[in-house]
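Undergrad: Quick one, structure for this:
(one chain, ligands or ions: 2)
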Amino acid sequence: MTHLLSIEQLSAKEIEKIITLAGELKKNRYATPQVLADQNWALIFTKASTRTRVSFEVGIRELGGSVMFMSGADMQLGRGEPVKDTARVMGRMVDGAVIRTYAQKDVDEFAKYSGIPTINALTDEEHPCQILADLLTIKQRLGGWKGKRVCFLGDGDCNVARAWIWAAAKLGFELVIAAPKAFQPAAAFLKKVKTKHVRVEENPLKAAAGCDVLYTDVWVSMGKEEESAERIKILGGYQIDDALVAAAKKKAIVMHCLPAYRGKEITAEVMEDHAGVIFEQAENRLHAQKAILVRLVS
Ligand code: CP
Ligand code: NVA
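TA: Ligands and ions are numbered 1, 2, ... in the order given. The predicted model follows:
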């Protein structure tokens, strides 16, 4: 693996290798191989972050590397320096880059011009690190994803939903996207993925029925703030509440990539009842990303 740009570009075999390694690294947290010794990594973020930033900073250090955080807005990038020039400068000085930004093409271009391992830490199109950590959580909580049914509720066309769709297509588990018409995955995107493992359902109760995992994300993704009021109105019926949890399998787990907005995509009660899984999911970002880093430099 040269870069981690999307789930789309990963094979099922690579995903499985990452998840297995993540499990091992989690078990032996403080006996981590020092594969990044003498390396300097840069985090370039033009969007806010808590989990992704902390987990990468800690993960790179635990692997023996040094890490610098750069806010995109404070770089010349923020004043219009082209991505390909930034990439060629950074590539001569640092050993790897982790990028959170808007356009997927910017991360792809950075990878192409920098010549160093590049990781997508969230774009408008995908959030691959999140889904890899979530798969680790599902494996540890449910024993694996084979034969399982995951229900994603909310903005079915957002970065997290899209990465889930690719994951279902690659790994062959069942994914139900519960979303109102305006927030269903774009037809062109579904055509590109071309999978029988993903079903789109408008009725949230029908979608949740018989599921092993109920999963949600914020209704207002970063960059969509101007649409807040409209999104909250249209997505109102897709909140994970007690009724939806009751519709899922008895032992279903509730997952949230966080940050959570109680009273919007999830009720405060469901959030607290399922905090054990949800915060383990957050912790698993660290273990999954350490596995990604190991795979990139080995
Ligand atoms: N889930 C996630 O990526 O969280 P942050 O935005 O805090 O990094
Ligand atoms: N879809 C959300 C994910 C946050 C981790 C966003 O892009 O803001």
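
Undergrad: Would you map the helices across the stretch 1-150 of the chain?
TA: Using DSSP state H, counting those that start in this stretch, the helices found in the stretch 1-150 of the chain span residues 12-27, 51-62, 83-90, 104-114, 128-142.

Undergrad: Just list what the last one packs against, helices and strands only.
TA: With contacts taken as 3 or more CB pairs under 8 Å, 6 or more residues apart in numbering; DSSP states H and E, helix 128-142 sits against helix 12-27, strand 118-120, helix 159-171, strand 213-216, strand 253-256, helix 275-297. No exception for glycine: its C-beta is placed from N, CA and C like everyone else's.

Undergrad: Select, out of these, the one closest to Thr2.
TA: Closest to Thr2 of the helices and strands packed on helix 128-142, according to CB to CB: helix 275-297, at 7.4 Å.

Undergrad: What parts of this structure come near ligand 1?
TA: 49-52, 122, 130, 257-258 (CB under 6 Å from any ligand atom).

Undergrad: Just among the residues you listed, which is most surrounded?
TA: Per-residue neighbour counts (other CB atoms under 10 Å) across these peak at Gln130, which has 27 neighbours.

Undergrad: dump the residue contacts of it.
TA: For Gln130, the contact set (CB atoms under 8 Å, 6 or more residues apart in numbering) comprises 52, 122, 160, 163, 257, 285.

Undergrad: And Leu43, by the same measure?
TA: Leu43 touches 53, 56-57, 67-70, 97-100, 121, counting by CB under 8 Å, 6+ apart.

Undergrad: One more: Gly96?
TA: Residues near Gly96 by CB under 8 Å, 6+ apart: 39, 41-42, 116-119, 293, 296-297.

Undergrad: tell me the pLDDT at it?
TA: On pLDDT, Gly96 comes in at 98.

Undergrad: Enumerate the residues of the stretch 51-200 of the chain near ligand 2.
TA: The stretch 51-200 of the chain has residues 122, 127, 158-160 near ligand 2, with proximity defined as CB under 6 Å from any ligand atom.

Undergrad: so where's this structure shaky on pLDDT?
TA: Filtered on pLDDT under 70, the chain yields no residues whatsoever.

Undergrad: quick one on the thing from earlier: of the contacts of Gly96, grab the buried ones for PyMOL.
TA: Only the buried entries of these go into this PyMOL selection, using 16 or more other CB atoms under 10 Å:
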select buried, resi 39+41+42+116+117+118+119+293+296
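
Undergrad: can I get the contacts of Gly96 in TSV with distance to Ala168?
TA: Formatted as TSV, those follow (distance: CB to CB, whole Å):
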residue	distance to Ala168
Gln39	34
Trp41	31
Ala42	32
Ile116	31
Pro117	26
Thr118	25
Ile119	22
Leu293	25
Leu296	24
Val297	29
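
Undergrad: what's the closest of the contacts of Gly96 to ligand 1?
TA: Ile119 (12.6 Å; CB to the nearest ligand atom).

Undergrad: can you pull the contacts of the closest one?
TA: By CB under 8 Å, 6+ apart, the neighbours of Ile119 are 3-5, 56, 96-99, 129, 289, 292-293, 296.

Undergrad: Then Leu293?
TA: By CB under 8 Å, 6+ apart, the residues touching Leu293 are 35-36, 59-60, 63, 96, 119.

Undergrad: one more time with 7 Å, if that's ok
TA: By CB atoms under 7 Å, 6 or more residues apart in numbering, the contact list for Leu293 reads 36, 59-60, 63.

Undergrad: Out of the contacts of Ile119, flag the one nearest to ligand 1.
TA: Nearest to ligand 1 among the contacts of Ile119: Cys129, at 7.5 Å, using CB to the nearest ligand atom.

Undergrad: excluding its backbone neighbours, what's nearest that closest one?
TA: Using CB to CB, 6 or more residues apart in numbering and skipping residues adjacent in sequence, the residue nearest Cys129 is Gln289, 5.6 Å away.

Undergrad: Counting neighbours, which of the residues of the stretch 51-200 of the chain next to ligand 2 comes out on top?
TA: With neighbours taken as other CB under 10 Å, the top of these is His127, carrying 28 neighbours.

Undergrad: Now that residue. Nearest residue, chain neighbours left out?
TA: Leaving aside its sequence neighbours, His127 sits nearest to Asn159 (CB to CB, 6+ apart; 4.6 Å).

Undergrad: contacting residues for that neighbour?
TA: 122-127, 221.

Undergrad: follow-up on the earlier one: would you tell me which one of the contacts of Ile119 comes nearest to ligand 2?
TA: The closest of those, once distances to ligand 2 are taken by CB to the nearest ligand atom, is Cys129, at 9.9 Å.
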